[in-house]
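J.: Below are the sequence and a predicted model; questions follow.
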Amino acid sequence: MAGLRLASVRKKFGATDVIRNVDLDIADGEFVVFVGPSGCGKSTLLRMIAGLEDITGGDLFIDGRRCNDIEPRARGIAMVFQSYALYPHLTVYENMSFGLTLNRTPKSEIDTRVREAARILKLEHLLDRKPSQLSGGQRQRVAIGRAIIRKPAVFLFDEPLSNLDAALRMDMRMEIAKLHKELGATMIYVTHDQVEAMTLADKIVVLEGGVVQQIGAPIELYKKPANKFVAGFIGSPKMNFLNVKVTAVSGSSVTVESPTVSPVTVEAKGFSSGDRAVLGVRPQYLRRDTDATGGSRVKGNVSLVERLGTETIVSFETMSNERALAAIPQDEVFEAGSAVEFAFDPQLSHLFAA
């Protein structure tokens, strides 16, 4: 296995900067997820690591070896694609063994590796089938098996579950997590789905516009987002952003309020009295306020109620015409159009510059 290091890595397509000065260290055996919206550069960065895209500037090191000009097949990596990329005329066994056959690996070794990968991925009973006879989840497991038998130093996954339905995605997430634990391999995984990122990663790299916005453990990004973009991207339902005004500053404490939000005092730096700001509160931290006195509160009118069984998602419009959400764990009754007031703990909120 191997670790990776990216040092000021850049990529340009013509005059357009797609990846901008990415610095990243990935430890041996770590599971790292690149996450961000479509077009943020995450797949391009993965393809640069794989050698499928040239590096415009900076350096890529795999296991301490500079790999900028090394051919993809010599980098010790294996890549699993979104489209599976299986040969339709070959059986599962032949698809998995294809690369080793090309390299003239002895047949006995090929058979051992294929059957071991099939055991890990529960494909033993499917080895004689063609891809057209498999479900989407089974095809994806075959693609992963083809990568496993190469015994790469690094596994690369490019949105491998995006073609699967919700139930299969959950099953395959569990399979990939178990695979990582069993192999102890270095894995880099690209997705736009922050739920996948939160559940799989040891470390998440959040990208936007080709720039790394934050790197950290999933819970760190959730509880301590570096900026408004990360705060809004990580977490489901997404964080509420409410426009407020700074009314007082005392040391590292800032008090804000608005026609919608009662006075809230939070820990924040870089603000002055009179500044406009944005208060971030996660829907899960809002609770129905039955006590009219004390605490921090946000008011509005209910516009939509979604009952999901385990929780109720209440969409409401604030006094400042902002749309916000509350995720209420109890099966409480809300009526569309009615006035509502939610309380929250100021220590669980975040303050961002407007």
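T.: Nice, thanks for sending it over.

J.: so residue 325 makes contact with residue 237?
T.: Yes - the pair residue 325 / residue 237 is scored as a contact, 4.9 Å apart, by CB atoms under 8 Å. In short, each C-beta sits where N, CA and C put it, glycine included.

J.: Give me the common contacts of these two.
T.: By CB atoms under 8 Å, 6 or more residues apart in numbering, residue 325 and residue 237 have these common neighbours: 283, 313.

J.: doesn't residue 246 fall inside a strand?
T.: Yes - per DSSP: H, G, I helix; E, B strand; the rest coil, residue 246 lies within a strand segment.

J.: more crowded one of residue 325 and residue 237?
T.: residue 325 (19 against 16; other CB atoms under 10 Å).

J.: Tell me the bridge partners for the more buried one.
T.: With DSSP bridges as the criterion, residue 325 is bridged to residue 315.

J.: what residues are up against it?
T.: 237-238, 240, 283, 313-316.

J.: try residue 186
T.: So residue 186 contacts 1-4, 26-30, 153-155 (CB under 8 Å, 6+ apart).

J.: what do you get if the cut-off is 6 Å, keeping everything else the same?
T.: Neighbour list for residue 186: 1-2, 28-29, 154 [criterion: CB atoms under 6 Å, 6 or more residues apart in numbering].

J.: mind listing which of the residues you listed are in strands?
T.: Among those, the subset assigned to strands under DSSP state E consists of residue 154.

J.: measure residue 311 to residue 287 for me?
T.: Distance of residue 311 to residue 287, given as CB to CB, to the nearest Å: 12 Å.

J.: Could you give the backbone dihedrals for the residue nearest to residue 198 when sequence neighbours are not counted?
T.: Among residues not flanking residue 198 along the chain, residue 218 sits closest, at 4.5 Å (CB to CB, 6 or more residues apart in numbering). Main-chain torsions, residue 218, degrees, to the nearest 10: phi -50, psi -50.

J.: Compute the number of surrounding residues for residue 218.
T.: Counted with other CB under 10 Å, the neighbours of residue 218 add up to 19.

J.: I'd say it and residue 196 touch.
T.: No - counting by CB atoms under 6 Å, residue 218 stays clear of residue 196, with 10.7 Å between them.

J.: can you list the residues that contact the helix ranked longest in the chain?
T.: For the chain, the helix with the greatest residue count under DSSP state H is helix 166-183. Residues outside helix 166-183 that contact it (CB under 6 Å, 6+ apart): 31, 137, 161, 187, 199-200.

J.: Does residue 93 lie in a helix or a strand, and which?
T.: helix 92-102 (DSSP states H and E).

J.: Break this protein into its domains for me.
T.: The chain breaks down into these domains under automatic domain parsing: 4-233, 240-353.

J.: right, so those: which one is the most enclosed?
T.: Across these, averaging neighbours per residue (mean count of other CB atoms under 10 Å) puts domain 4-233 on top, at a mean of 18.

J.: Report the mean confidence score over that domain.
T.: Across domain 4-233, the average pLDDT comes to 92.

J.: How far does that domain stretch from one end to the other?
T.: Length of domain 4-233, first residue to last, CA to CA, to the nearest Å: 26 Å.

J.: Surely residue 316 is in contact with residue 302?
T.: Yes - counting by CB under 6 Å, residue 316 does reach residue 302; the two are 5.1 Å apart.

J.: so what sits against both of these two?
T.: By CB under 6 Å, 6+ apart, the residues touching both residue 316 and residue 302 are residue 340.
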